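Q: Sequence and predicted structure, then a few things I'm wondering about:
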Amino acid sequence: MRVCVIGCGAVGSLFAAHLGQLDELDVWAYDLDEAHVEAINRDGLRISGESELVARVRATSKAEEVPAADFGIVATKSMHTRAAIEATAGAFSDGAVASVQNGIGNEEVIAESCPRVIRGTTFPAGHLVEPGHVSQDTGGKTWLGPFESRPATMEEVTRLAELLTRSGMETLALEDARGAQWTKLIFNAATNPIGALTHLPHGVACDQPRVRELITGLADEGKAVAAELGIELDSDPDDLVDHGREVAYHHKASMLQDVLAGRRTEVSALNGGIVRFGREQDVPTPLNEAVWALVEALEHSWELRPGEEGARR
Amino acid sequence: MAIRRVCVIGAGTIGSLYAGHLAAVAEVSVLTRREEHATELNRRGLRVTGKSERHATVKASSDPDRLPEFDLGIVATKTTHLEQTAKRLRGRFPDAAMMTVQNGLGAEEVLRRHGDWKLISAVTFMSGNRHGDTEVEYELDTATWLGPYAGTETPQEVVDETCRLLLAAGLEAEAMPDLRPAQWSKLIFNAAVNGVAALTELPHVKEFAERERPTDLGHLVHGLIEEGVRVAEAVGVELHEDPWEMNVRAVARGETQRSSYAHLPSMLEDVLARRPTEVDAISGALVREGEAAGVPTPLNAAVWRLVRGRELSWARAGAPQEVVHA
């Protein structure tokens, strides 16, 4: 059986390296970072931190080299979904493709070029230490379920979940994975832009009562959209905010890390996703709209000052 | 009443522009925060470049007791230093009129708590750039609007005389019987434009007025302004100018003067320099007025909280934890 990870950054590498532990699997990774690809092919893919592994993975930057596979796992940043899946979709004409990305709307894009799609949400996170080496910073579960409008079979969803669990990444197969996805979406959309715009670590932001209220305001809008869509959340995202304060007080949200590095953020798949679904359902989302506009404009400010942001930060 | 002696209190960009121009038509003294700033001004005078070319002689001091008497004080500190400055003036110069030119709302009340000077409310649209302690570049030669402060005994003739003096000095000015319509127009404009600029790090560029695509920044700016307009209506202020039109005009001006790189709103300058901003007196004032009038201002509240959070991010570098009072 063959699995190909599309987008082998931090999260993609966690999936590829874990699956690479299973003898029966032929694991491939497609990524545009040539140094990373070369290191993986030369030395194997190494994970340190929460797990310690080295896996044999076949990596490539050339889409045409990706062989036909039973499963695809898309782990690019959300703004790269379309380019990545359009380049590699040929490999999955007879397979099932799962998204484990942030935000909402990735499965819709994948479904435009792949016949059977799996809706996924994952909590483990990490960062690239050097080419071929990723640190796993947090553990956590992964949830998979058939994507409603172009579903993979439940048998495929269960098989992929079983493979992942056996490889060391606890994964649940669900008939309806929207609750898990929207819980994480709402949590991320309420906390990430706050970090990106204030530069405050998560716990410090939570300790400011008025900032905390703003987080709740953002989450309430997301919850209203989910309710209108008939999605039952796994847990209250607002409780996850408090939980995050306990376990990751000094954590800088990934969107803040992006802003500090002058990289494009995923705000469009997070707050933008809530706004788009809100418009379809006639649920007002003014705060999510506001932070979406602010973060996008912040990204735009770097284009007006090319080369300056690095010097200033 | 003839105004012959003017004291500029706080010689930042705006204060320096007043002092540098008024010295041509009045005896000008300057109250500074730093003694070396006063020393430099006394030694070298104050140079104005840009829209005007001036070289002014002023008497400067960082000690209010060493200032000469004056007829008109122009209080030009940032709102963040106003309380401290007003305390230093307490009990002094009782016959003077004091003109506040701060952004936002509430400067007059701060002064009122420390003395019963005749108060003149003013807002200014001038802008400039300071080049050191003794040189200021006059960038936008837009007007100062002034009027008697509501609820005090300031006679209109003092306001009119101040206006004549500013005009004689080569500045743009307009006297009004009630400043609140103008003050609120600028408040609503500043709450939207300064707040968005501070958070996005964008100068006041054309994107602030764009509303074609659903994701354009102009929607947010417009939403912030609409909240402010509703608060103004609820408190009974008829705006002097439509703040959205002010935004559109200012952006067009920035475009023609400096291509895509327009004016840096002061709140963005503060953020880039990691100084406390005036967000409490601007967005905060609008939110408080809205609360009192029963008008919700969720977008302005969000901007206020985010900017306060941003201030905390550099305030806490090594410092014990503070609480945002926003």
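A: Received it, and whenever you're ready, just let me know what you need. Numbering: from 1, shown residues only, chains lettered A, B, ... in the order given.
Q: tell me the mean pLDDT for stretch A:273-288?
A: Confidence for stretch A:273-288, expressed as mean pLDDT, is 97.
Q: Endpoints of it, how far apart?
A: Taking C-alpha to C-alpha, to the nearest Å, the span from the opening residue of stretch A:273-288 to its closing residue is 9 Å.
Q: can you pull the buried residues of that stretch?
A: Along stretch A:273-288, these residues count as buried under the neighbour rule (16 or more other C-beta atoms under 10 Å in any protein chain shown): A:273-278, A:283, A:285-288. C-beta here means a position set from N, CA and C on the backbone, and glycine is covered the same way.
Q: next one: stretch B:213-221
A: Of the residues in stretch B:213-221, those buried under the neighbour-count criterion (16+ other C-beta under 10 Å) are B:215-221.
Q: Also near chain A: which of these, exactly?
A: Of the entries in the buried residues of stretch B:213-221, the ones placed beside chain A under the rule of C-beta under 8 Å from any C-beta of the partner chain are B:215-217, B:219-220.
Q: what two of these are the furthest from one another?
A: Based on C-beta to C-beta, the longest span within these runs between B:Thr215 and B:Leu220 and measures 9.9 Å.
Q: Domain ranges for chain B, per the record?
A: Per automatic domain parsing, the structural domains of chain B span B:5-177, B:181-313.
Q: For A:Glu296, find the nearest of those domains.
A: The stretch from those with the least distance to A:Glu296 (C-beta to C-beta) is domain B:181-313; that distance is 6.4 Å.
Q: Quick one: name the residues of the stretch 51-200 of chain B near chain A.
A: Taking C-beta under 8 Å from any C-beta as the criterion, the neighbours of chain A within the stretch 51-200 of chain B are B:196, B:199-200.
Q: Can I get these in CSV including secondary structure?
A: Written out in CSV, the entries for those read as follows (DSSP: H, G, I helix; E, B strand; the rest coil):
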residue, secondary structure
B:Val196, helix
B:Leu199, helix
B:Thr200, helix
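Q: out of those, who has the most neighbours?
A: B:Leu199 (29 neighbours; other C-beta atoms under 10 Å in any protein chain shown).
Q: Contacts only, for it.
A: The contact partners of B:Leu199, taken as C-beta atoms under 8 Å, 6 or more residues apart in numbering or on different chains, are A:197, A:294, A:298, B:303, B:306-307, B:310.
Q: How about B:Ala302?
A: Residues touching B:Ala302, when contacts are defined by C-beta under 8 Å, 6+ apart, comprise A:214, A:217, A:287, A:290-291.
Q: same thing but at 10 Å, please
A: A:194, A:197, A:210-211, A:213-214, A:217-218, A:286-287, A:290-291, A:294, B:195, B:199, B:220, B:224, B:283, B:287 (C-beta atoms under 10 Å, 6 or more residues apart in numbering or on different chains).
Q: Can you tell me which of these are buried?
A: A:194, A:197, A:210-211, A:214, A:217-218, A:286-287, A:290-291, A:294, B:195, B:199, B:220, B:224, B:283, B:287.
Q: What about these, which are in strands?
A: Assignment to strands by DSSP state E places none of the buried ones among the contacts of B:Ala302 there.
Q: ok so, going back, may I see the buried residues of stretch B:213-221 arranged in JSON lines, with pLDDT as well?
A: Formatted as JSON lines, the buried residues of stretch B:213-221 follow (pLDDT from 0 to 100):
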{"residue": "B:Thr215", "pLDDT": "86"}
{"residue": "B:Asp216", "pLDDT": "94"}
{"residue": "B:Leu217", "pLDDT": "97"}
{"residue": "B:Gly218", "pLDDT": "97"}
{"residue": "B:His219", "pLDDT": "97"}
{"residue": "B:Leu220", "pLDDT": "98"}
{"residue": "B:Val221", "pLDDT": "98"}
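Q: B:Val75: which of those residues is nearest?
A: Using C-beta to C-beta, B:Val221 comes nearest to B:Val75 of these, at 29.4 Å.
Q: I'd guessed that closest one sits against B:Glu227; true?
A: No - B:Val221 lies out of contact with B:Glu227 (C-beta atoms under 10 Å); the separation is 11.2 Å.
Q: Kindly list the main-chain dihedrals of the residue nearest to B:Thr49 when sequence neighbours are not counted?
A: Spatially, and ignoring its direct neighbours in sequence, B:Thr49 is nearest to B:Glu137 (4.9 Å; C-beta to C-beta, 6 or more residues apart in numbering or on different chains). For B:Glu137, the backbone dihedrals are phi -100, psi 130 (criterion: degrees, to the nearest 10).
Q: can you check A:Arg119 too?
A: phi -80, psi 130.
Q: For it, which residues are in contact?
A: For A:Arg119, the set of contacting residues under the criterion of C-beta under 10 Å, 6+ apart consists of A:98-100, A:104, A:106-107, A:110, A:143-148, A:151-152, A:157, A:174, A:176-178, A:180-181.
Q: Mind listing the residues bridging to it?
A: A:Arg119 forms beta bridges with A:Gly145, as assigned by DSSP bridges.
Q: pLDDT score assigned to it?
A: According to the predicted model, the pLDDT of A:Arg119 comes to 98.
Q: and the residue of the stretch 201-326 of chain B nearest chain A?
A: For the stretch 201-326 of chain B, the nearest residue to chain A under the criterion C-beta to the nearest C-beta is B:Gly309, separated by 3.2 Å.
Q: Quickly find the element holding that residue.
A: Here B:Gly309 is covered by helix B:298-315, with elements defined by DSSP states H and E.
Q: Buried residues, that helix. List them.
A: Judged by neighbour count using 16+ other C-beta under 10 Å, the buried positions of helix B:298-315 are B:298-313.
Q: Could you report the pLDDT at residue 195?
A: Picking chain A for this. 96.
Q: sorry, should have said chain B
A: We have a pLDDT of 97 for B:Gly195.
Q: before we move on, back to that, narrow the contacts of A:Arg119 to just the buried residues.
A: Applying the neighbour count, that is 16+ other C-beta under 10 Å, the buried entries in those are A:98-100, A:104, A:106-107, A:110, A:143-147, A:151-152, A:157, A:174, A:177-178, A:180-181.
Q: Quick one: the strands in chain A, in order.
A: Chain-ordered strands for chain A, with DSSP E as the definition, fall at A:2-6, A:26-30, A:45-49, A:53-55, A:58-60, A:71-74, A:96-99, A:116-122, A:125-130, A:133-138, A:142-146, A:171-173.
Q: Then chain B?
A: In chain B, the segments counted as strands under DSSP E are B:5-9, B:27-31, B:46-50, B:54-56, B:59-61, B:72-75, B:97-100, B:118-124, B:127-130, B:135-140, B:144-148, B:173-175.
Q: what's the distance between A:Glu156 and chain B?
A: The spacing between A:Glu156 and chain B, counted by C-beta to the nearest C-beta, to the nearest Å, is 36 Å.
Q: give me the residue from the stretch 101-250 of chain A nearest chain B.
A: The stretch 101-250 of chain A approaches chain B most closely through A:Thr198 (3.2 Å), counting by C-beta to the nearest C-beta.
Q: Sounds good, over and out.
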